[in-house]
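# here are the coordinates; sequence isn't available:
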């Protein structure tokens, strides 16, 4: 692990950039937001390709509202109306997505400076979230350990609390397997190991139902390009401007199992995603345009990256039929996601 200064935040906190390299993959992270800045993997000709969208400056990361590369929490994705009830007590959260709470609120974990320490083959980031930060009960200690294991980037999320709370941590990298500066991802081929998904209403809030993907454009059980059906007049796609939904990963939560497979036909790079979490949000960057200038002066446009955010389902605290994201004192929130690359 190598670490270097990367500047100071607007409120004067020092930020570092950290490099991991195992001769098969290399990547860089910021202590700001425990953010993945770059991820270099070999293409079919052996050339290293940076497959993660990102920025060159700390100011761009502080200015963005697209969460490029960030570790998000305390609750990734949306909570309807910024409200939930736990043990008979209603909590009101900060809202930052219309009337809804999104990705931990306006000063969620993606905007915080994390502490970093070297661990075997990787780096562990730690952030201590105060009781009632952004409206969430309980002082929560969150950790994410990013490590390189052969041809895989492994993310292990852990959290503990001193009061009952809800927790949902994920990584929000936008992937483009042709290279971060290569344009559209609509020709990427996608498989999602999920026979069901959670439909939404306008505002991307789940209805509470869990529906089969069969016979709909949400069916990625067999390979399809992302762009093949994204423009269909299917109500779920119209609600979200394209794909931005939670899929229910097949198999039991808590076991490391396949979630997704993404293939870049031009580069020959394949990314397999495995996780212990119950769901994965596939977001095709429908609203990426307007973010700060990207790495190397690139201007990013809509649908030039795809996020595969492993997670508990959106708005889980308000749907008893969804897997529970409640974390209590004495427990450890402990989940792993693996991004494995091949050519």
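Cool, got the structure. All figures in this text were calculated on a predicted structure; none of them were measured in a lab. Residues are numbered from 1 along each chain as shown.

# ok, which stretches of the stretch 51-200 of the chain are helices?
58-63 (DSSP state H, counting those that start in this stretch).

# Next, count neighbours for residue 178.
Residue 178: 22 surrounding residues under other C-beta atoms under 10 Å. From N, CA and C alone the C-beta is placed, and that goes for glycine too.

# With residue 131 as the reference, measure out to it.
45 Å (C-beta to C-beta, to the nearest Å).

# for residue 10, same thing?
For residue 10 relative to residue 131 (C-beta to C-beta), the value is 25 Å.

# These two: who's more crowded?
Neighbours were counted for residue 10 and for residue 131 using other C-beta under 10 Å; residue 131 has more, 13 against 9.

# I figured that one hits residue 163, correct?
Yes - contact criterion C-beta atoms under 8 Å: residue 131 and residue 163 qualify, at 6.7 Å.

# any common contacting residues for those two?
Shared contacts of residue 131 and residue 163 (C-beta atoms under 8 Å, 6 or more residues apart in numbering): 137, 138, 139.

# ranking the residues you listed by neighbours, who comes first?
Busiest of those [other C-beta under 10 Å] is residue 138, holding 23 neighbours.

# Now do the phi/psi pair for it.
Main-chain torsions, residue 138, degrees, to the nearest 10: phi 90, psi 140.

# ok, now how distant is it from residue 333?
11 Å.

# Over to residue 343?
As judged by C-beta to C-beta, residue 343 and residue 333 stand 34 Å apart.

# more crowded one of the two?
Using other C-beta under 10 Å as the criterion, residue 343 and residue 333 rank with residue 333 on top: 23 against 16.

# What residues of stretch 303-322 count as buried?
Residues 303-319, 322 are the ones in stretch 303-322 that count as buried (16 or more other C-beta atoms under 10 Å).

# Next: stretch 327-343.
For stretch 327-343, the neighbour count (16+ other C-beta under 10 Å) marks 327, 333, 335, 336, 337, 338, 339, 340, 341, 343 as buried.

# wait, doesn't residue 37 sit right on residue 20?
No - the criterion here is C-beta under 8 Å, and residue 37 misses it with residue 20 at 11.3 Å.

# Neighbour count: those two, which is higher?
residue 37 (24 against 20).

# OK, contacts around that one?
By C-beta under 8 Å, 6+ apart, the contact set of residue 37 is 17, 27, 28, 29, 30, 52, 54, 55, 69, 295.

# right, and residue 41 touches residue 47 too?
No - contact criterion C-beta under 8 Å: residue 41 and residue 47 do not qualify, at 9.9 Å.

# So between those two, which is more surrounded?
Using other C-beta under 10 Å as the criterion, residue 41 and residue 47 rank with residue 41 on top: 25 against 11.

# On the strand side of things, show who the more buried one bridges to.
For residue 41, the beta-bridge partners are residue 49 (DSSP bridges).

# show me what contacts it?
Residue 41 touches 25, 48, 49, 51, 151, 269, 341, counting by C-beta under 8 Å, 6+ apart.

# wait, which of these is closest to residue 99?
residue 51 (34.8 Å; C-beta to C-beta).

# Which residues does stretch 249-258 contact?
Under C-beta under 8 Å, 6+ apart, the answer for stretch 249-258 is 193-195, 259, 272-280, 323, 336, 338.

# ok, which stretches of the stretch 1-150 of the chain are strands?
Applying DSSP state E, counting those that start in this stretch to the stretch 1-150 of the chain gives strands spanning 2-8, 14-21, 26-30, 35-42, 48-50, 71-72, 78-79, 83-86, 89-92, 101-102, 115-119, 122-129, 140-149.

# Need the winner for burial among the ones you listed.
Among the strands of the stretch 1-150 of the chain, ranked by average contacts under mean count of other C-beta atoms under 10 Å, first place goes to strand 71-72 (a mean of 27).

# List the neighbouring strands of that strand plus their orientation.
strand 170-171 (antiparallel).

# circling back to that earlier point, identify the contacts common to residue 37 and residue 20.
Each of 27, 28, 29 lies in contact with both residue 37 and residue 20 under the rule C-beta under 8 Å, 6+ apart.

# okay, those residues in TSV with distance to residue 158 next?
Output for the shared contacts of residue 37 and residue 20, formatted as TSV (distance: C-beta to C-beta, whole Å):
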residue	distance to residue 158
27	20
28	22
29	17
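
# Farthest pair within the contacts of residue 41?
49 and 151 (13.5 Å).

# Now do stretch 44-56, average pLDDT.
When pLDDT is averaged along stretch 44-56, the result is 97.

# With adjacent residues omitted, what lies nearest to residue 161?
residue 138 (4.1 Å; C-beta to C-beta, 6 or more residues apart in numbering).

# Give the full set of residues in contact with residue 336.
154, 155, 156, 157, 256, 275, 276.

# give me every residue that touches the third one.
Under the criterion of C-beta under 8 Å, 6+ apart, the contact list for residue 156 reads 144, 145, 147, 334, 335, 336.

# Centre of the chain to the host helix or strand of the fifth one, how far?
Residue 335 is part of strand 333-342 when elements are defined by DSSP states H and E. Put simply, strand 333-342 sits 12 Å off its chain's centre (C-alpha atoms, centre = their mean, to the nearest Å).
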